[in-house]
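Student: need coordinates for the following:
(4 chains)
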There are 2 protein chains.
Amino acid sequence: MQQLLTHITTYHRLSAEAEKALQECFTEITLNKNELLLTQGNVCRHLYFLQKGALRGFYNLDGKEITHWFGFENDFVTSFHSFITGEPSVENIQLLESCILWAIAKETLDDLFNRHHDIERLVRIIYEKYYIRLEERYVNAQFKSAKERYEELILQTPHILERVPLGFIASYLGISQETLSRIRSKF
Amino acid sequence: MQQLLTHITTYHRLSAEAEKALQECFTEITLNKNELLLTQGNVCRHLYFLQKGALRGFYNLDGKEITHWFGFENDFVTSFHSFITGEPSVENIQLLESCILWAIAKETLDDLFNRHHDIERLVRIIYEKYYIRLEERYVNAQFKSAKERYEELILQTPHILERVPLGFIASYLGISQETLSRIRSKF
DNA sequence: TTTGGTTTTTGACATAAGTCAAAAAATAAT
DNA sequence: ATTATTTTTTGACTTATGTCAAAAACCAAA
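Tutor: Okay, here's the model as predicted:
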């Protein structure tokens, strides 16, 4: 919990009361490797803070699993579309390692927003940062070669190679595993 | 201005006072076709609401212009990264048609946030919707073929073909103009 | 260790998309 | 209308990446 509180100060400093209220609204969850935090078809009613571990978001397309994001320490994770719209999720969230997570339900968060302007500001600022991150990913996906995308990924998340199977990384990069292997072989 | 006020109610209904305050903070701007709303290297200090017209965001890469987004009626536009971080923009915003815009400066918006929780909520909700949109674009960019991306674009923005030269559309789709032409020729 | 399973790499070939050059079509200017 | 300019299409060829199959490397138990 302390880690979550410390982490959010990198975005915005909360008042003591807001911090206390926030603290009371998160619940600790631990799950084991390969377990699913969310299964497609279900509504994702929670936002999670990933304290320790790694996970991936993936969906099924023509019988193949497409990994479209990874989560690591200090990431906020959820099936965003489902969480916001309340519609069933098209994606699954699977643990790549055993994880410690902190969960908050959407209604609880909305309630916090009503009680503490400060917390809504915090989330507004977090959204801004996450939006910028996604914009960067979008530009990479659309306008860079497979090799460039791979190099960019290693730069951004150097630890990823030791923690995530190459098959998932290839999928995330939008290339076949064979192509990724060949890119890697040419140092 | 009325169009802006009406449009934001599709996201969140403001109190009368908040609406009044908001109204006073936007300034009307009209610009002609081909003019630049923002030039790379400059900090983008404003958020704009596009009442009428069309524009594009593009940046230069190896001497080529990469169009990475379009704006149309009722879109909020800015160089988001620059607007949020205060760093010089890497992108340009150019008018594809003569436009009517409403501008608000970042400090003015921050001031509104302090005075009206309600307006910060509105923006938080707008961010959520724009994030979801961008996620969809990302998935298209990364995991779909050029043909699929084109079909998706036509579905989302049917009017785009009459308003935007194919060269810009090809760039936006991340393909060469020749490839786009060939996709189109096979109906 | 040895075995069995998973993950990663390699090879041969197929396909999607890019590049360069030129023609054709559409638009704008005289 | 006629010419000039820009936009779009077509053709020939190249390159990046995908697919399928098999081999190799790696890992985890027994």
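Student: can we go C-alpha only for contacts and neighbour counts from here?
Tutor: Noted.
Student: average model confidence for stretch A:78-93?
Tutor: Mean pLDDT, stretch A:78-93: 97.
Student: cool, stretch A:54-65 as well?
Tutor: The model assigns stretch A:54-65 a mean pLDDT of 90.
Student: same question, stretch A:154-164
Tutor: Computed over stretch A:154-164, the mean pLDDT rounds to 92.
Student: in it, what's buried?
Tutor: Judged by neighbour count (16 or more other CA atoms under 10 Å in any protein chain shown), stretch A:154-164 contains these buried residues: A:160, A:164.
Student: same check, this time on stretch A:106-125
Tutor: For stretch A:106-125, the neighbour count (16+ other CA under 10 Å) marks A:106, A:109, A:112-113, A:116-125 as buried.
Student: what residue in chain A comes nearest to DNA strand D?
Tutor: Nearest residue of chain A to DNA strand D, counting by CA to the nearest atom of the strand: residue A:175, 3.1 Å away.
Student: that residue: helix or strand, and which one exactly?
Tutor: Assessed by DSSP states H and E, residue A:175 sits outside every helix and strand.
Student: now it. Nearest residue, chain neighbours left out?
Tutor: Of all residues not flanking residue A:175 in the chain, residue A:146 sits nearest, at 6.9 Å (CA to CA, 6 or more residues apart in numbering or on different chains).
Student: same check, this time on residue A:102
Tutor: residue A:28 (4.5 Å).
Student: coming back round to it: can you count the residues close to the residue nearest to residue A:175?
Tutor: 19 (other CA atoms under 10 Å in any protein chain shown).
Student: kindly state the pLDDT recorded for it?
Tutor: We have a pLDDT of 95 for residue A:146.
Student: what sits against it?
Tutor: A:173-175, A:180 (CA atoms under 8 Å, 6 or more residues apart in numbering or on different chains).
Student: between those, which is nearest residue B:97?
Tutor: residue A:174 (34.9 Å; CA to CA).
Student: near DNA strand D, which residues of chain A are found?
Tutor: Proximity of chain A to DNA strand D, by CA under 7 Å from any atom of the strand, involves residues A:145-147, A:174-180.
Student: in chain A, which spans are strands?
Tutor: Taking DSSP state E to define them, one finds strands in chain A at A:27-31, A:36-38, A:46-52, A:55-61, A:64-71, A:75-77, A:92-95, A:99-105.
Student: partner residues bridging the closest residue to residue A:39 other than its chain neighbours?
Tutor: Spatial nearest neighbour of residue A:39, excluding adjacent residues (CA to CA, 6+ apart): residue A:92 at 4.6 Å. Applying DSSP bridges to residue A:92 gives these bridge partners: residue A:58.
Student: tell me, how many residues neighbour residue A:92?
Tutor: 22.
Student: quick one, which of the strands of chain A gets closest to residue A:10.
Tutor: Once the strands of chain A are compared by CA to CA, strand A:75-77 is nearest, at 12.4 Å.
Student: roughly how far apart are the closest residue to residue A:131 other than its chain neighbours and DNA strand C?
Tutor: If you skip the residues right next to it in sequence, residue A:131 has residue B:131 as its closest partner in space, 6.2 Å away by CA to CA, 6+ apart. To DNA strand C, residue B:131 is 25 Å away according to CA to the nearest atom of the strand, to the nearest Å.
Student: my read is that residue B:131 contacts residue A:132, right?
Tutor: No - Residue B:131 is beyond contact range of residue A:132, at 9.6 Å (criterion: CA atoms under 8 Å).
Student: name all residues that make contact with residue A:93.
Tutor: Per CA under 8 Å, 6+ apart, neighbours of residue A:93: A:36-39, A:55-58, A:79.
Student: against residue A:58, how distant is it?
Tutor: Noted for residue A:93: a distance of 6 Å to residue A:58, by CA to CA, to the nearest Å.
Student: also residue A:20?
Tutor: Residue A:20 is 34 Å from residue A:58, by CA to CA.
Student: so which of those two has more stuff around it?
Tutor: More crowded of residue A:20 and residue A:58, by other CA under 10 Å: residue A:58, with 23 against 12.
Student: picking up where we left off before, which pLDDT value goes with the residue of chain A closest to DNA strand D?
Tutor: 96.
Student: so residue A:48 is in contact with residue A:73, correct?
Tutor: No - the criterion here is CA under 8 Å, and residue A:48 misses it with residue A:73 at 11.3 Å.
Student: neighbour-wise, which of those two wins?
Tutor: Higher neighbour count among residue A:48 and residue A:73: residue A:48, with 23 against 16, using other CA under 10 Å.
Student: show me the beta-bridge partners of that one.
Tutor: Counting by DSSP bridges, the residues bridging with residue A:48 are residue A:77, residue A:103.
Student: and for residue A:64?
Tutor: Counting by DSSP bridges, residue A:64 is bridged to residue A:61.
Student: what's the burial count for it?
Tutor: For residue A:64, the count of nearby residues is 10 (other CA under 10 Å).
Student: residues of chain A that sit close to DNA strand C?
Tutor: By CA under 7 Å from any atom of the strand, the residues of chain A that approach DNA strand C are A:164-167, A:177-182, A:184-185.
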